[in-house]
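the sequence isn't on hand, but the structure is:
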Ligand code: TA6
């Protein structure tokens, strides 16, 4: 259906009552609500819903480049393009359940000018009780090998950023975007937040936990094929500098992204790369069977 902003949307539902909303624009998840209709993803109070700019919230797809690790527009162009429904999602089993949708973005003449590699970018989005799964795939439809970096930027909703802990990244190396991308090693305890954080953690474990004390809720991110994790909160100064980000928004959001950044994927002609991420809610009372 078409939302108030006129953008074509797909609504995913599942028997326990949770829902997800996906835009064909950007192939972007813009909402994921639990059975109590609580929004689990962050959407900026000043998000710009008009195409050509990225929508600041939900789960933007960053391809073929994440941040300035390359020459394209920041985070690549996939999130600023109109995707379409993928009628033949090969080779994943055809998911014709109402709680799954397959999207595709193919390289266009315009894109080939700025990034001269032809590709097919597929994204399956599946909803089940307490879990949102995204499976991105990139097929090289060109006649030459090319590199790309990739990230699923998860804008997570939190009750109060100063009450949030992230577990699973202890002792890892990371690039610190606040220190010109210099490489550091994380200390041995969970990450907490009292200022701007903008880091790419390298070679993380499969499972990362985002613990939100006030909401008595833990979000678990599990990922495969996406070895790195970006952790970003702009804090107050940068929040004010971002026109499509509310001045107070930084208090109720945290980005923990599934990414492949340190070692770009090298894709040979007709080869396909596949990633996978699962966001699941671990909270006291949840609909059974998840
Ligand atoms: O987390 C990496 C980063 O590049 C930050 O430095 C910040 O710029 C953020 O992404 C936002 O990027 P965007 O293009 O979505 O405004």
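The structure has been received and is ready for your questions. This is a predicted model, so every value here is computed, not measured.

okay, now the nearest residue to residue 145 once chain neighbours are set aside: neighbour count?
The shortest distance from residue 145 to any non-neighbouring residue, by CB to CB, 6 or more residues apart in numbering, is to residue 268 (4.9 Å). Any C-beta I mention is one placed from the backbone N, CA and C, and that applies to glycine too. The local packing of residue 268 (other CB atoms under 10 Å) involves 11 other residues.

residue 268 reaches residue 146, doesn't it?
No: with contacts counted by CB atoms under 8 Å, residue 268 stays clear of residue 146, the gap being 9.0 Å.

tell me, what's touching these two both at once?
Common neighbours of residue 268 and residue 146, using CB atoms under 8 Å, 6 or more residues apart in numbering, are residue 140.

check which helices and strands the helix or strand containing residue 256 sits against.
Element membership for residue 256, per DSSP states H and E: strand 253-267. Judged by 3 or more CB pairs under 8 Å, 6 or more residues apart in numbering; DSSP states H and E, strand 253-267 is in contact with strand 131-140, strand 146-152, strand 155-157, strand 164-167, strand 197-201, strand 207-212, strand 217-224, strand 228-233.

contacting residues around residue 134?
Going by CB under 8 Å, 6+ apart, residue 134 touches 29, 59, 123-126, 152, 276-277.

how about residue 166: what's its closest non-neighbour residue?
Per CB to CB, 6+ apart, closest to residue 166 is residue 191, 4.3 Å.

how far away is that neighbour from the ligand?
Using CB to the nearest ligand atom, to the nearest Å, we find residue 191 at a distance of 15 Å from the ligand.

next, give phi and psi for that residue.
Here is the backbone geometry of residue 191 (degrees, to the nearest 10): phi -90, psi 130.

let me see the contact set for it.
165-167, 169, 197, 231.

do that again at 7 Å, thanks
165-166, 169, 231 (CB atoms under 7 Å, 6 or more residues apart in numbering).

which residue ranges of the stretch 1-150 of the chain form strands?
Taking DSSP state E, counting those that start in this stretch as the criterion, the stretch 1-150 of the chain carries its strands at 9-13, 19-23, 28-33, 61-62, 84-85, 100-106, 119-128, 131-140, 146-152.

possible to save the ones you listed as JSON lines with mean pLDDT and distance to the ligand?
Formatted as JSON lines, these follow (pLDDT from 0 to 100; distance: least, CB to the nearest ligand atom, whole Å):
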{"stretch": "strand 9-13", "mean pLDDT": "94", "distance to the ligand": "21"}
{"stretch": "strand 19-23", "mean pLDDT": "97", "distance to the ligand": "16"}
{"stretch": "strand 28-33", "mean pLDDT": "98", "distance to the ligand": "12"}
{"stretch": "strand 61-62", "mean pLDDT": "98", "distance to the ligand": "8"}
{"stretch": "strand 84-85", "mean pLDDT": "94", "distance to the ligand": "23"}
{"stretch": "strand 100-106", "mean pLDDT": "96", "distance to the ligand": "18"}
{"stretch": "strand 119-128", "mean pLDDT": "97", "distance to the ligand": "18"}
{"stretch": "strand 131-140", "mean pLDDT": "97", "distance to the ligand": "17"}
{"stretch": "strand 146-152", "mean pLDDT": "97", "distance to the ligand": "9"}
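
good, we can wrap up now.
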